[in-house]
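> structural data only, the sequence is not supplied:
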Ligand code: F6R
């Protein structure tokens, strides 16, 4: 694992966007794994800006999102389908058929998970996966205690996650209780991973990721075993963490 230190949220977003743009320029048929939530919003803004100013093309890029709530229509403003359309896909030239997000309204949810996993593997896995981190260490919606070898699965959201995401809903009761998420095994098969960490509320999680034990109780800890993970973290998130100089980029 390597760490890039960013001055602040904007700087982190710029650095991450530049890495993604570089990978797309190097490999126009990139299979890109995407995250939602608050952290990547500004990164997506920079990708859009770059697309408009420099014509970086997504015509041949294929995307797979990490997760989606179960029971929410894709048109619902809180769905991750809606998030991706409005924050990225509507503003770049990616063909819709090349974008993939689990269907949280599928009749056969287990079959949906299997089909989603098979689609990812049929592309020979993900080339570059973006990740955020939950304050409880979740990656995707793989909550504490999830086994490290899981593939795309149905999960129960932790109370901490529902509380954290209640900011987007009218109340915490309205936050769905279940989601479909790529498994930790799916994420770990990605060839390269970029983990975005910003803000004071992620300090404890980042400290535990860098200096803690590898344990399913803290799902992100397994990233220490991945051969190509870059954490891009801002000063607010990194404060109080002693980062071994061997992993600082
Ligand atoms: C989102 C996802 C989650 C978030 C995490 C952090 O698709 O899978 O793991 O990355 O909950 O969320 P924010 O960025 O809102 O702090």
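That came in fine, so what should we check first? These figures come from a predicted structure and were not determined experimentally.
> residue 62 and residue 37, how far apart?
21 Å (C-beta to C-beta, to the nearest Å). C-beta here means a position set from N, CA and C on the backbone, and glycine is covered the same way.
> for residue 75, that is, sorry about that
In terms of C-beta to C-beta, residue 75 sits 20 Å off from residue 37.
> between these two, tell me which one has more neighbours.
A direct count of neighbours by other C-beta atoms under 10 Å for residue 75 and residue 37 places residue 37 higher, at 18 against 9.
> what does this structure put close to the ligand?
35-39, 66-67, 132-134, 138-141 (C-beta under 6 Å from any ligand atom).
> residue 140 touches residue 66, doesn't it?
Yes. Contact criterion C-beta atoms under 8 Å: residue 140 and residue 66 qualify, at 4.2 Å.
> give me the common contacts of those two.
Common neighbours of residue 140 and residue 66, counting by C-beta atoms under 8 Å, 6 or more residues apart in numbering, are 35, 131, 181, 182, 187.
> just the element for the last one, please.
Element membership of residue 187, judged by DSSP states H and E, is helix 184-188.
> how far does that helix sit from its chain's centre?
12 Å (C-alpha atoms, centre = their mean, to the nearest Å).
> and the next helix or strand past that helix?
strand 192-197.
> can you give me the helices for this protein?
9-26, 41-54, 80-87, 109-122, 159-165, 184-188, 203-211, 235-238 (DSSP state H).
> tell me which residue of the protein lies closest to the ligand.
For the chain and the ligand, the shortest gap (C-beta to the nearest ligand atom) falls at residue 132, measuring 2.4 Å.
> that residue touches residue 37, doesn't it?
Yes. With contact defined as C-beta under 8 Å, residue 132 and residue 37 form a contacting pair (4.9 Å).
> next step: the shared contacts of residue 140 and residue 66 restricted to strands.
131, 181 (DSSP state E).
> want to throw the shared contacts of residue 140 and residue 66 into CSV with distance to residue 101 and neighbour count?
Output for the shared contacts of residue 140 and residue 66, formatted as CSV (distance: C-beta to C-beta, whole Å; neighbours: other C-beta atoms under 10 Å):
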residue, distance to residue 101, neighbour count
35, 11, 23
131, 16, 25
181, 11, 28
182, 11, 30
187, 15, 26
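> okay if I get the shared contacts of residue 140 and residue 66 as JSON lines plus pLDDT?
Below are the shared contacts of residue 140 and residue 66 laid out as JSON lines (pLDDT from 0 to 100):
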{"residue": "35", "pLDDT": "99"}
{"residue": "131", "pLDDT": "99"}
{"residue": "181", "pLDDT": "98"}
{"residue": "182", "pLDDT": "98"}
{"residue": "187", "pLDDT": "98"}
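> report the outermost residue of the protein with respect to its centre.
The centre of the chain is farthest from one residue, residue 245, which by C-alpha atoms, centre = their mean lies 25.9 Å away.
> distance of it from residue 5?
For residue 245, the distance to residue 5 - C-beta to C-beta - is 12 Å.
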